[in-house]
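> predicted model, plus sequence, below.
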Amino acid sequence: MFATFKPSFAVILCFVISACSSIPLTTLLKFSSYDEQELLKLKPKQIRAKLTVNSFLNIDLVNTKLGVTIKSNNGDLALEFPLKQMSLSQTPAKISFFSSTPASQTYLLKLSDKAIADFIALQQQLTLSEKNTFGLSVAAKLERNENLSPEQKAQRLFMTIELKLSEQQDFFTLIDNAEISDMSSSN
């Protein structure tokens with residue numbers, strides 16, 4: 001079976017992010033006590049991801065996936081489960097005396113039908129396996145946009161990634177308002 005989930009779970013982004021300080025300490029603490037039974041109890045139909053970016057950026061949904069990494073005595077296994085869009089919401093810019101927040105859009109995503117079936121098959125297989133450790137990630141990629149205005153190019157580009165593992169839980173933040181420092185790598 002699994003050993004305790006290590007607090008070093010990774011969130012993989014397909015573009016450069018300026019600092020790891022965007023991973024909240026509460027997220028690391030939450031998963032430091034996550035064990036094998038928690039992964040096996042997950043209901044894949046309830047898993048949700050929420051990605052928030054500047055309003056003029058679009059997520060490449062074909063290349064946005066939930067990742068699970070399994071480490072065992074037989075080696076490491078990295079699996080990806082495609083996500084599909086449930087909704088897209090817009091948030092207007094907020095300007096206050098001390099700070100401002102640019103306009104943003106939030107994608108609400110869930111596992112695709114095939115990903116749900118594959119996740120269930122993985123859970124069934126893991127009940128038969130020996131000692132393993134695991135990690136969760138969300139891999140996201142931006143669509144290339146060659147038509148950004150000078151004003152948009154001057155804005156700070158950011159991404160927030162949140163994950164919800166069951167209907168009874170709230171979303172928790174994996175990456176919080178991380179600055180995207182190089183759009184050129186998002187083909």
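Cool, got the structure.
> what is the strand or helix carrying Ile175 packed up against?
Ile175 belongs to strand 172-182 when assigned by DSSP states H and E. Applying 3 or more CB pairs under 8 Å, 6 or more residues apart in numbering; DSSP states H and E, one finds that strand 172-182 contacts strand 16-17, helix 25-32, strand 158-164. (Each C-beta comes from the backbone N, C-alpha and C, glycine too.)
> which SSE is immediately downstream of the longest helix anywhere in the chain?
Using DSSP state H, we find that the single longest helix of the chain is helix 113-126. The element immediately downstream of helix 113-126 (helix or strand, assigned by DSSP H and E) is strand 132-139.
> what strands flank the helix or strand containing Lys110, and is each parallel or antiparallel?
Using DSSP H and E, Lys110 sits within strand 104-111. Strand pairing for strand 104-111, using DSSP bridges, gives strand 48-54 (antiparallel), strand 75-91 (antiparallel).
> pLDDT weak spots in the protein?
For the chain, residues meeting the criterion pLDDT under 70 lie at 1-36, 181-187.
> let's check: the centremost residue of it is which one?
In the chain, the residue lying closest to the centroid (CA atoms, centre = their mean) is Val138, at 3.0 Å.
> could you find the closest non-adjacent residue to Lys164?
Nearest non-adjacent residue to Lys164, counting by CB to CB, 6 or more residues apart in numbering: Arg48, 4.2 Å away.
> tell me how many other residues surround that neighbour.
When neighbours are counted by other CB atoms under 10 Å, Arg48 registers 20.
> what sits against it?
Met86, Leu108, Leu109, Lys110, Leu163, Lys164, Phe171 (CB atoms under 8 Å, 6 or more residues apart in numbering).
> repeat the analysis, applying 10 Å as the threshold.
With contact set as CB atoms under 10 Å, 6 or more residues apart in numbering, Arg48 has these partners: 66, 83, 86, 108-111, 162-167, 169, 171.
> measure it to Ser149 for me?
Going from Arg48 to Ser149 by CB to CB, to the nearest Å gives 32 Å.
> do Val68 as well
39 Å.
> who has more neighbours, those two?
Ranked by neighbour count (other CB under 10 Å), Val68 and Ser149 place Val68 first, with 21 against 9.
> mind telling me what element that one is part of?
Per DSSP H and E: strand 65-72 holds Val68.
> mind listing the strands that strand pairs with, and their directions?
Pairing partners of strand 65-72, with direction, according to DSSP bridges: strand 75-91 (antiparallel), strand 132-139 (antiparallel).
> for Gln37, find the nearest of these.
Of all those, strand 132-139 sits nearest to Gln37, with 11.7 Å by CB to CB.
> now whatever helix or strand comes next after the closest one: how far from the chain's centre is it?
Downstream of strand 132-139, the first helix or strand assigned by DSSP H and E is helix 150-154. Centre-to-centre, helix 150-154 and its host chain are 26 Å apart (CA atoms, centre = their mean, to the nearest Å).
> could you do stretch 156-171 as well?
In this view, stretch 156-171 has its centroid 7 Å away from the chain centroid, taken as CA atoms, centre = their mean.
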